[in-house]
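Visitor: whatever this is, show me its structure:
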Amino acid sequence: MSTPVSPATSRNDGESTSDLWVFGYGSLMWRPGFEFVEQVSARLIGAHRALCVYSFDHRGTPERPGLVLGLDRGGACRGIAFRVAGERRAATIAYLREREQTTNVYHEVMRSVWLEGDARQRVSALAYIVDRGHVQYAGRLSLQEQLRYVRQGHGRSGDNRAYVLSTVTSIEAQGFRDAPLHQLAALLHEDSPGAI
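Guide: You can find the predicted model right below:
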């Protein structure tokens with residue numbers, strides 16, 4: 001179950017001085033943008049990575065939306081868990097809210113993730129789960145629909161194509177594959193070989 005992070009009452013907001021874990025599954029894997037003391041390959045159960053969010057800001061505009069990743073219900077997701085020192089907790093949460101919640105398309109929650117390695121330790125990590133009731137929720141799009149949005153998408157954080165290809169590169173660096181994203185990346189590579 002997800003535990004919502006309440007700005008006014010939650011210990012997750014900086015009132016706590018304990019370390020904070022953050023689960024990255026998209027651009028946070030290759031551009032976290034915050035200080036951390038360690039990063040560990042990790043798995044979240046109960047949600048999967050999907051290109052299910054129309055981007056009106058970072059990788060598109062309302063007139064020409066791009067498509068970005070969200071954690072959608074069901075399945076599992078491999079990604080990276082970042083451990084943030086307790087003294088950086090409040091600043092990190094503030095940064096992530098400014099970055100991830102520009103249109104409030106995600107629910108900010110604490111979810112259990114399993115760290116990979118010998119111990120298979122379970123930790124509670126901050127994660128961003130897509131809001132299925134939000135106007136930007138795209139649902140399950142066909143590969144051709146995804147390709148169309150990614151090709152047209154460009155926003156204040158750059159090109160949508162680069163976002164997808166950088167995420168695939170990061171996934172490969174972690175030693176696994178994401179079949180739907182790899183299929184899309186193969187088509188994007190055909191557009192202009194060698195370029196990101």
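Visitor: just list the residues touching Cys160, thanks.
Guide: Actually, residue 160 is Asn. It isn't Cys. Counting by C-beta atoms under 8 Å, 6 or more residues apart in numbering, Asn160 touches 55, 59-60, 66-68, 149-154. In short, each C-beta sits where N, CA and C put it, glycine included.
Visitor: let me fix that: Leu51
Guide: Leu51 makes contact with 67-69, 138, 141, 146, 150, 164, 180-181, 184 under the criterion C-beta under 8 Å, 6+ apart.
Visitor: where in this protein is pLDDT low?
Guide: 1-16, 118-119, 192-196 (pLDDT under 70).
Visitor: any idea how far Gln144 is from Gly24?
Guide: According to C-beta to C-beta, to the nearest Å, Gly24 stands 28 Å off from Gln144.
Visitor: ugh, wrong one, Gly133
Guide: 26 Å.
Visitor: can you check Ala91 too?
Guide: Note on Ala91: its distance to Gln144, by C-beta to C-beta, is 42 Å.
Visitor: please say which of these two ends up with more neighbours.
Guide: Ala91 (13 against 8; other C-beta atoms under 10 Å).
Visitor: what secondary structure does that one sit in?
Guide: State at Ala91, reduced to three classes by DSSP: H, G, I helix; E, B strand; the rest coil: helix.
Visitor: buried subset of the contacts of Leu51?
Guide: 67-69, 138, 141, 146, 150, 164, 181, 184 (16 or more other C-beta atoms under 10 Å).
Visitor: could I get those as TSV with distance to Tyr95 and secondary structure?
Guide: Below are these laid out as TSV (distance: C-beta to C-beta, whole Å; DSSP: H, G, I helix; E, B strand; the rest coil):
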residue	distance to Tyr95	secondary structure
Leu67	24	strand
Val68	18	strand
Leu69	19	strand
Ala138	26	coil
Leu141	30	coil
Gln146	29	helix
Val150	26	helix
Val164	23	helix
Leu181	25	helix
Leu184	28	helix
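Visitor: now tabulate the residues you listed in CSV and tack on distance to Glu87.
Guide: Output for the buried ones among the contacts of Leu51, formatted as CSV (distance: C-beta to C-beta, whole Å):
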residue, distance to Glu87
Leu67, 36
Val68, 31
Leu69, 30
Ala138, 38
Leu141, 42
Gln146, 40
Val150, 39
Val164, 35
Leu181, 35
Leu184, 40
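Visitor: between those, which is closest to Thr17?
Guide: Lowest distance from Thr17 to the buried ones among the contacts of Leu51 (C-beta to C-beta) belongs to Leu69, with 31.2 Å.
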